[in-house]
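Novice: Could you work out the structure for the sequence below:
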Amino acid sequence: MEFLGDQGRDVYIIRDFLKNGNLFFIGPQTSIGNMYLGPWFYYLIAPSLLISRFNPIGPAIFIALINIATVILIYFISKKWFNESTGLISAFLYSISPVVIKYSSFIWNPNIMPFFALLFFYFFFEAIFKNNYKYFIYASLAFVMVINSHYLGLAVLPLPGICWLFLLVKFINSKSKQLKPFLLNSIIAILVFTISLTPQILFDIKHNGQNINALIHFFTYRETTVNIKPYKAIPELPSIFNQINTELISGRQVTPGIIISTIVIVLIVVFLFKKKLKDKPFLVVLGWYFVGLTALALYKQHLYAHYFGFLFPAIFIIVAVLINKFKIIGLPLLALITYLSFANNPFTQKPNYQLQHAQNLGSAINSHHTPGDGQYNLAMLASYNDFRAQAPRYFVNQNYLLPMDQYSSANTLFVIIDDPSKWPDNINSDIWEINVFKENSNYKIADTFYSSDNTLIIKLAK
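Specialist: The predicted structure follows:
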């Protein structure tokens with residue numbers, strides 16, 4: 001499991017809620033735009049932290065279980081919408097994908113998105129396929145968790161939105177008896193989603209609209225964020241299509257990724273030609289995938305693998321359908337993907353022991369802090385820029401620890417030199433946390449010591 005700054009921050013906030021009753025009205029902060037997600041990811045994983053007696057391994061196991069459930073769900077939906085062999089192939093390929101495995105083994109809000117995105121599409125289109133519009137309510141609940149995972153999850157909406165409008169017009173024009181249950185359940189679903197926004201609305205009321213203003217700014221000033229003209233996505237589609245295939249089904253191997261992408265797009269075209277657009281479930285999954293690709297192509301920043309978590313299930317279902325339909329090409333393709341996935345399985349890599357490392361740092365600081373040191377804070381110089389030491393912060397004595405934004409009032413500052421090669425100036429490095437502590441005060445190096453895994457820690461005192 002990874003245990004870096006984001007993970008330390010999340011369990012720290014949740015522990016504070018469980019022990020002190022401090023409710024949270026917002027969730028994790030986004031990496032771009034100074035926006036905050038909703039709080040429901042925190043509430044979702046809180047019981048697992050309590051059950052594990054505040055050991056971060058508990059929520060990590062819970063995340064893993066959700067992603068195991070995703071494998072089962074992919075099998076169930078693929079079997080129901082297509083056939084059992086498609087279900088088995090899609091679930092198998094999903095379960096051995098190195099990227100899927102990587103994002104299934106640690107605490108992080110994007111890691112729950114594949115499960116809830118798949119649930120959203122299943123419930124929404126089951127409502128349409130079966131004319132049972134109560135499923136819209138379940139789809140709404142799933143969508144709440146999708147956008148509490150990452151705001152790029154908004155990309156799941158365009159296709160269902162277009163289908164919903166088409167049905168609305170159809171029912172009105174035909175004066176269908178289905179219009180009433182269709183609208184009633186749609187209104188309830190929208191109400192469920194609106195209620196889920198209550199904590200964020202309360203947060204914005206208290207903080208002068210901070211979150212909504214940041215969201216508006218993100219989409220209004222688009223020089224470095226997003227395009228809103230869909231046609232501008234077209235030139236980017238091939239490279240993003242190849243990137244997703246390379247990440248998910250070719251073990252991140254570039255040349256095989258290009259080959260697999262070429263085969264997949266050719267087979268999609270042949271499949272659509274043979275079926276003459278009559279296979280509705282396949283069109284749904286394909287539409288999910290290509291609308292998602294378009295949304296990603298409109299995003300101007302670098303695309304990391306977790307950004308397209310809402311597409312994870314779609315690509316495996318599409319590939320499974322093609323393998324099952326075109327067995328002469330499909331079976332060698334299945335063998336190739338299987339080989340690449342096992343060859344690059346993350347379990348073959350040496351464990352990082354990041355959780356143990358954070359615990360070691362916390363123990364070392366605890367043993368060198370005394371009540372006479374007064375209020376203290378932490379700073380860390382690491383390759384991943386966790387300047388506020390959010391990972392080890394979880395394991396230090398809380399009695400005299402100041403919040404992460406209070407450095408000027410600290411009497412003592414522990415500076416962890418986690419990556420000396422990147423920060424050769426150690427305590428003289430130009431970072432805000434150290435500079436604010438030093439500002440307008442006399443300080444001295446009170447102690448220099450090492451953690452049990454040989455990480456240098458410098459104790460500064462005023």
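Novice: Residue 305 contacts residue 100, doesn't it?
Specialist: No. Applying C-beta atoms under 8 Å, one finds residue 305 not in contact with residue 100, separated by 9.4 Å. (Each C-beta comes from the backbone N, C-alpha and C, glycine too.)
Novice: Between those two, point out the one with more neighbours.
Specialist: Neighbour count, other C-beta atoms under 10 Å: between residue 305 and residue 100, residue 100 has more, with 27 against 18.
Novice: Does that one lie in a helix or a strand, and which?
Specialist: Under the criterion of DSSP states H and E, residue 100 resides in helix 98-102.
Novice: Beyond that helix, next helix or strand please.
Specialist: Going down the chain from helix 98-102, the next helix or strand is helix 113-130, by DSSP H and E.
Novice: what residues does that following helix touch?
Specialist: 66-67, 69-70, 73-74, 77, 100, 132-136, 138-139, 142-143, 145-146, 149-150, 153, 156, 160, 163, 167, 185, 280-281, 284-285, 288, 306, 309-313 (C-beta atoms under 8 Å, 6 or more residues apart in numbering).
Novice: if you set the cut-off to 6 Å instead, what comes out?
Specialist: 66, 70, 73, 77, 133, 135-136, 138-139, 142-143, 145-146, 149-150, 153, 156, 160, 284, 288, 309-310, 312-313 (C-beta atoms under 6 Å, 6 or more residues apart in numbering).
Novice: Confirm that residue 460 sits in a strand.
Specialist: Yes. Under DSSP: H, G, I helix; E, B strand; the rest coil, residue 460 falls within a strand.
Novice: Run through the bridge partners of it.
Specialist: Counting by DSSP bridges, residue 460 is bridged to residue 413, residue 445.
Novice: Near it, how many other residues are there?
Specialist: Neighbours of residue 460 (other C-beta under 10 Å): 21.
Novice: swap in residue 183?
Specialist: Residue 183 is flanked by 14 other residues according to other C-beta under 10 Å.
Novice: What separation do you get for it and residue 123?
Specialist: Residue 183 sits 18 Å away from residue 123 when distances are taken as C-beta to C-beta, to the nearest Å.
Novice: what about the closest residue to residue 325 other than its chain neighbours, neighbour count?
Specialist: Excluding its sequence neighbours, the residue lying closest to residue 325 (C-beta to C-beta, 6 or more residues apart in numbering) is residue 271, at 6.1 Å. Number of residues near residue 271 (other C-beta under 10 Å) recorded here: 17.
Novice: next one: the one 5 residues further on
Specialist: One way to gauge burial is a neighbour count; for residue 276, by other C-beta under 10 Å, it gives 7.
Novice: got it, and residue 298?
Specialist: Residue 298: 18 neighbours (other C-beta under 10 Å).
Novice: Doesn't the residue nearest to residue 325 belong to a helix?
Specialist: Yes. Counting by three-state DSSP, residue 271 is located in a helix.
Novice: Quick check, pLDDT for it.
Specialist: On pLDDT, residue 271 comes in at 93.
Novice: Then residue 222?
Specialist: Predicted confidence (pLDDT) for residue 222: 55.
Novice: which intervals of this protein have sub-threshold pLDDT?
Specialist: For the chain, the stretches flagged by pLDDT under 70 are 32-33, 219, 221-231.
Novice: so where do the strands sit in it?
Specialist: Using DSSP state E, the strands of the chain run over 376-381, 412-417, 444-450, 456-461.
Novice: Now render these as a markdown table, adding distance to residue 8.
Specialist: Below are those laid out as a markdown table (distance: least, C-beta to C-beta, whole Å):
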| stretch | distance to residue 8 |
| --- | --- |
| strand 376-381 | 10 |
| strand 412-417 | 12 |
| strand 444-450 | 21 |
| strand 456-461 | 16 |
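Novice: Pick the most deeply packed of those strands.
Specialist: strand 376-381 (a mean of 26; mean count of other C-beta atoms under 10 Å).
Novice: Now find how far off-centre it is within its chain.
Specialist: 27 Å (C-alpha atoms, centre = their mean, to the nearest Å).
Novice: repeat for stretch 196-215
Specialist: For stretch 196-215, the distance to the chain centre is 21 Å (C-alpha atoms, centre = their mean).
Novice: Span of it from start to end?
Specialist: Length of stretch 196-215, first residue to last, C-alpha to C-alpha, to the nearest Å: 17 Å.
Novice: residues making contact with it?
Specialist: Outside stretch 196-215, the residues touching it (C-beta under 6 Å, 6+ apart) are 25, 26, 33, 34, 35, 36, 38, 39, 144.
Novice: which among these end up buried?
Specialist: By neighbour count, with 16 or more other C-beta atoms under 10 Å, the contacts of stretch 196-215 hold 25, 26, 33, 35, 36, 38, 39, 144 as buried.
Novice: Buried residues in the longest helix belonging to the chain, which are they?
Specialist: For the chain, the helix with the greatest residue count under DSSP state H is helix 57-81. Using 16+ other C-beta under 10 Å as the test for burial, helix 57-81 gives 58-64, 66-67, 70-71, 73-75, 77-79, 81.
Novice: And the protein, what are its domain boundaries?
Specialist: 5-348, 354-461 (automatic domain parsing).
Novice: Can you tell me the closest non-neighbouring residue to residue 16?
Specialist: Nearest to residue 16 is residue 22, by C-beta to C-beta, 6+ apart, at 5.0 Å.
Novice: Does that neighbour touch residue 14 like I think?
Specialist: No. Counting by C-beta atoms under 6 Å, residue 22 does not reach residue 14; the two are 10.0 Å apart.
Novice: Give the residue from these two that has the larger number of neighbours.
Specialist: residue 14 (24 against 10).
Novice: check contacts around that one.
Specialist: Contacts of residue 14 by C-beta under 6 Å, 6+ apart are 42, 46, 49.
Novice: In helices, which of the residues you listed fall?
Specialist: 42, 46, 49.
Novice: So for the chain, the centremost residue is which one?
Specialist: Centroid-nearest residue in the chain: residue 110, 0.9 Å away (criterion: C-alpha atoms, centre = their mean).
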